[in-house]
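# 3D model of this:
(chains A and B, ligands or ions: 2)
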Amino acid sequence: MNNVTMKPPGQSGALYWIRENLFSSKLNTVISAICIYLLVKFTIAVVDWGILNAVFAADSTACKAASGACWGIISEKYQLIVFGTYPRDEQWRPLVAMVWFVGLIGCSLHRSFWKLWLIPLWTGSLIGLGVLMWGGVLGLSYVENTQWGGLPLTLLLAVVGTVAAFPLGILLALGRQSELPLIRIWCVAFIELVRGVPLISVLFMASVMFPLFLPEGVTIDKLLRAQVGIILFTAAYLAEVFRGGLQALPKGQYEAASAMGLTYWQTMRVVIMPQALRIVIPPTVNSFISTFKDTSLVLIIGLFDLLATAKVAITDPSWRAFYVEAYIFVAAIYFVFCYSMASYANNLETDLRKGEQH
Amino acid sequence: MSLNTQASAEDILIHINNVNKWYGDFHVLKDINLDVKKGEKIIICGPSGSGKSTAIRCMNRLEKYQSGEILIDGILLDDNVKNLEAVRKEVAMVFQHFNLFPHMTILDNLTLAPRLVNKMPRKDAEQMAMSYLERVKIPQQAHKYPGQLSGGQQQRVAIARALCSNPRVMLFDEPTSALDPEMIKEVLDVMVELANEGTTMICVTHEMGFAKQVADRVIFMDDGRIVEENTPNEFFDNPQNERTQLFLSQILGH
Ligand SMILES: Nc1ncnc2c1ncn2[C@@H]1O[C@H](COP(=O)(O)OP(=O)(O)O)[C@@H](O)[C@H]1O
Ligand SMILES: [Mg+2]
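Residues are numbered from 1 along each chain as shown, chains lettered A, B, ... in the order given. Ligands and ions are numbered 1, 2, ... in the order given. Purely as a prediction, here's the structure:
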């Protein structure tokens, strides 16, 4: 038996792998050579610009003299980029809020935490985070939400957008399958309408049109309007994701449940949803990634998310030349978040597939 | 039909009177009449597409019918939700493809209806579930998931699950036709035992040995109609209708 798993002699090791995979034919060799050449060139250029010739001190004159990158803009402006115009002395509050938020998401994504107490945990956390960010109680100074900005705002819009859209999306998906025609028509109309327009127009509507329908004197917070817009937009997409999950379940599951006398809501709660949710977690995470990036559109209604604060940072005349560095910094932050979510979704998918086979 | 006209009204558990059903324009059930007494074992057979599944699915209202009436233990099956709830407690169904809930353990599959529908405490429900698992001879699988069991074991679990609702009638829709041949017997054995204990059963099946062993009556359906109805011996040895003869020669012939 041992012989079977052993590789034939001379067919292992790095050299063998390289020969087999990169230089197995003439064409393959040419392609590999070109790729390696480009990779080396690119790496050298990046290292030259980004490290060897770069200036790391927050000194704009030195930056202008140097031929490489100016990371000084980051050390000079990172507070503005990450926290927006939140008062400097209070910036520990958004920092704590973010760490809390990320920790909470991390927990919620772990399978062993998929219990009902996630709901009170989230509700409590959102209240706690609101207190922390707004202040005005417990000796915290009051910070208006027009001063929120940067990464905390981006995270807030994306996370609350996805978490609140989740139950709404479930209801829309169920409504779309409903036997009551009015409910079905409403749900279909909402889903298709929202999916048929870009997020930017939903945000415009939320900020410009929505107040027109309100009675004179009543105003709704700009941030809240944007948040509602994002929730509704995400919910329409999630509804379609859930519909896919519901349709993936065999009809026999519904039939067995009704044959044993379960009510519609019991069937949904214990039979259908637990199975459908497993199927839709990975696409939901992907939808979260899009939402996370799409929140940068709130700039157009005057909110300062992570990308917008970077734009503000480079309006400073002495640092204006170094916008590339500022954008790279922001891109890196986006990448860290999106990439970790995407790998999580992949792992989970593999995990769940294994789970089904037993 | 003449066989049970003597039955008194209280003995009749299922009363089907002139039921007709259409799928769109397609007339799938035509003038179905059937009375089933308490403790009776009825076998339904017939060619594929003749409406057997539709007929038994009407008996627990997985399908609606458009005319006629079905009474289960005196309860009229119509759009009335209360009636439907009552009937669903009395009638249990075993499906061709088992339809176990794959995300729950065997034990949870069995205790679901007792706990949610009959509001039984979990402990009692589990005790009852274990006793039924013993009856279908797989108590040791209680904590596994359906995906870990063979087809025959899954179908026996499905039977135990149906029994857990304490039904007065068991409906079976081709319970062995999705099984590998070597597993058919273990399921039929369980069903024979149920039959011997006096369970009222209506079973769509082509297992003729089983039919001969347990059936009080065999019903033959063709093209949405009940074409012939007889005792198993008469039915198999002396079929009256020529379509029955053709059908029997096809399934017994080779
Ligand atoms: N949901 C449905 N819609 C339309 N036609 C159906 C539906 N279900 C079954 N049928 C048709 O009704 C007929 C009877 O089906 P069925 O009761 O499943 O037959 P059997 O169980 O005897 O094979 C078949 O011709 C089938 O194609
Ligand atoms: Mg059938």
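# Helix or strand: which one has the nearest residue to residue B:245 once chain neighbours are set aside?
If the residues on either side of it in the chain are set aside, residue B:245 comes closest to residue B:239, at 4.8 Å by CB to CB, 6 or more residues apart in numbering or on different chains. Quick note: C-beta positions are derived from backbone N, CA and C, even for glycine. Under DSSP states H and E, no helix or strand contains residue B:239.
# What count of nearby residues applies to residue 68?
Because you didn't say which chain, this covers chain A. 15 (other CB atoms under 10 Å in any protein chain shown).
# Sorry, I should have been clearer: chain B.
Residue B:68 has 16 nearby residues by other CB under 10 Å.
# Assumed it was part of a strand.
Yes. Read with DSSP: H, G, I helix; E, B strand; the rest coil, residue B:68 is one of the residues of a strand.
# Please determine how far the nearest residue to it once chain neighbours are set aside is located from ligand 1.
Nearest residue to residue B:68 in three dimensions, chain neighbours excluded: residue B:19, at 3.6 Å (CB to CB, 6+ apart). According to CB to the nearest ligand atom, to the nearest Å, residue B:19 and ligand 1 sit 13 Å apart.
# go on, residue A:178?
Counting by CB to the nearest ligand atom - residue A:178 and ligand 1 are separated by 19 Å.
# So that residue, which state does it fall into?
Going by three-state DSSP: residue A:178 is coil.
# How about the contacts made by residue B:192?
Residues counted as contacts of residue B:192 (CB atoms under 8 Å, 6 or more residues apart in numbering or on different chains) are B:210, B:213-214.
# per-residue pLDDT, it?
At residue B:192, the model reports a pLDDT of 94.
# Indicate the residue of the stretch 51-200 of chain A located nearest to ligand 1.
residue A:179 (14.8 Å; CB to the nearest ligand atom).
# That residue - how many residues pack around it?
Using other CB under 10 Å, residue A:179 has 7 neighbouring residues.
# And the pLDDT at it?
Reported pLDDT for residue A:179: 84.
# Next: residue A:252.
For residue A:252, the model assigns a pLDDT of 94.
# host element of it?
Going by DSSP H and E, residue A:252 is in helix A:251-259.
# So which bits of that helix are buried?
For helix A:251-259, the neighbour count (16 or more other CB atoms under 10 Å in any protein chain shown) marks A:253-259 as buried.
# Over to stretch B:215-232?
B:215-222, B:224-230, B:232.
# hmm, back to that, TSV for the contacts of residue B:192, including pLDDT, secondary structure and neighbour count?
Below are these laid out as TSV (pLDDT from 0 to 100; DSSP: H, G, I helix; E, B strand; the rest coil; neighbours: other CB atoms under 10 Å in any protein chain shown):
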residue	pLDDT	secondary structure	neighbour count
B:210	93	helix	24
B:213	92	helix	15
B:214	93	helix	22
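# what's the burial count for residue 66?
Just going to use chain A. Count around residue A:66 with other CB under 10 Å applied: 15.
# I was after chain B.
When neighbours are counted by other CB under 10 Å, residue B:66 registers 10.
# Could you pull out the buried residues of the lowest-mean-pLDDT helix or strand in chain B?
Least confident helix or strand, chain B: helix B:242-253 with a mean of 85, by mean pLDDT, DSSP states H and E. For helix B:242-253, burial by neighbour count (16+ other CB under 10 Å) applies to B:243-244, B:247-248.
# returning to that earlier point: show me the buried residues of stretch B:215-232 that map onto strands.
B:217-222, B:225-230 (DSSP state E).
# pLDDT and distance to residue A:296 for those - can I get that in TSV?
TSV is the format used below for those (pLDDT from 0 to 100; distance: CB to CB, whole Å):
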residue	pLDDT	distance to residue A:296
B:217	94	73
B:218	94	71
B:219	95	68
B:220	94	70
B:221	95	65
B:222	94	67
B:225	94	67
B:226	94	68
B:227	93	70
B:228	93	73
B:229	93	73
B:230	92	76
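# Just put those residues in JSON lines and tack on distance to ligand 1.
Putting those into JSON lines (distance: CB to the nearest ligand atom, whole Å) gives the following:
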{"residue": "B:217", "distance to ligand 1": "18"}
{"residue": "B:218", "distance to ligand 1": "15"}
{"residue": "B:219", "distance to ligand 1": "12"}
{"residue": "B:220", "distance to ligand 1": "11"}
{"residue": "B:221", "distance to ligand 1": "7"}
{"residue": "B:222", "distance to ligand 1": "9"}
{"residue": "B:225", "distance to ligand 1": "12"}
{"residue": "B:226", "distance to ligand 1": "12"}
{"residue": "B:227", "distance to ligand 1": "13"}
{"residue": "B:228", "distance to ligand 1": "15"}
{"residue": "B:229", "distance to ligand 1": "16"}
{"residue": "B:230", "distance to ligand 1": "19"}
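# how close does the closest residue to residue B:11 other than its chain neighbours sit to residue A:116?
Spatial nearest neighbour of residue B:11, excluding adjacent residues (CB to CB, 6+ apart): residue B:37 at 4.8 Å. Separation of residue B:37 from residue A:116 (CB to CB, to the nearest Å) stands at 47 Å.
# These two - which one has more neighbours?
Counted by other CB under 10 Å, residue B:37 and residue A:116 do not tie: residue B:37 has more neighbours, with 19 against 7.
# What pLDDT does the model give the more buried one?
93.
# same deal with residue A:293?
The model reports residue A:293 with a pLDDT of 86.
# cool, and residue A:2?
For residue A:2, the model assigns a pLDDT of 49.
# next one: residue A:138
78.
# Run through the residues of chain B sitting next to chain A.
Chain B has residues B:60, B:62, B:85, B:88-89, B:91-93, B:95, B:97, B:99-103, B:112-113, B:116-117, B:145, B:147-148, B:161-162, B:165 near chain A, with proximity defined as CB under 8 Å from any CB of the partner chain.
# remind me which residues of the stretch 1-150 of chain B are low pLDDT?
Counting by pLDDT under 70, the ranges of the stretch 1-150 of chain B that qualify are B:1-10.
# Show me the helices in it, by range?
Using DSSP state H, counting those that start in this stretch, the helices of the stretch 1-150 of chain B run over B:52-58, B:81-90, B:106-116, B:122-135.
# could I get those as a markdown table with mean neighbour count and distance to residue A:71?
As requested, these are arranged in a markdown table below (neighbours: other CB atoms under 10 Å in any protein chain shown; distance: least, CB to CB, whole Å):
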| stretch | mean neighbour count | distance to residue A:71 |
| --- | --- | --- |
| helix B:52-58 | 22 | 71 |
| helix B:81-90 | 16 | 69 |
| helix B:106-116 | 23 | 57 |
| helix B:122-135 | 16 | 62 |
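# now the residue lying closest to residue A:87 once chain neighbours are set aside, what's its secondary structure?
In this structure, residue A:87 finds its nearest non-sequential neighbour in residue A:143, 6.3 Å apart by CB to CB, 6+ apart. At residue A:143 the chain is in coil, as set by three-state DSSP.
# For residue A:143, give me its contacts.
A:86-87, A:90, A:93, A:133-135.
# Only the buried subset of the residues you listed, as a ChimeraX command please.
This is how ChimeraX selects the buried members of the contacts of residue A:143, with burial counted by 16+ other CB under 10 Å:
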select /A:86,90,93,133,134,135
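# Tell me the one of the contacts of residue A:143 nearest chain B?
Using CB to the nearest CB, residue A:133 is the member of the contacts of residue A:143 that lies nearest chain B, at 38.3 Å.
# Skip the chain neighbours and tell me the closest residue to the closest one.
Per CB to CB, 6+ apart, closest to residue A:133 is residue A:97, 5.7 Å.
# Can you pull the phi and psi angles for the one you found?
Main-chain dihedrals, residue A:97, degrees, to the nearest 10: phi -60, psi -40.
# How many residues are close by residue 205?
In the absence of a named chain, this looks at chain A. 15.
# not what I meant, chain B
Neighbour count for residue B:205, taken as other CB under 10 Å: 20.
# what are the phi and psi angles of it?
Backbone torsions for residue B:205, taken as degrees, to the nearest 10, come to phi -160, psi 160.
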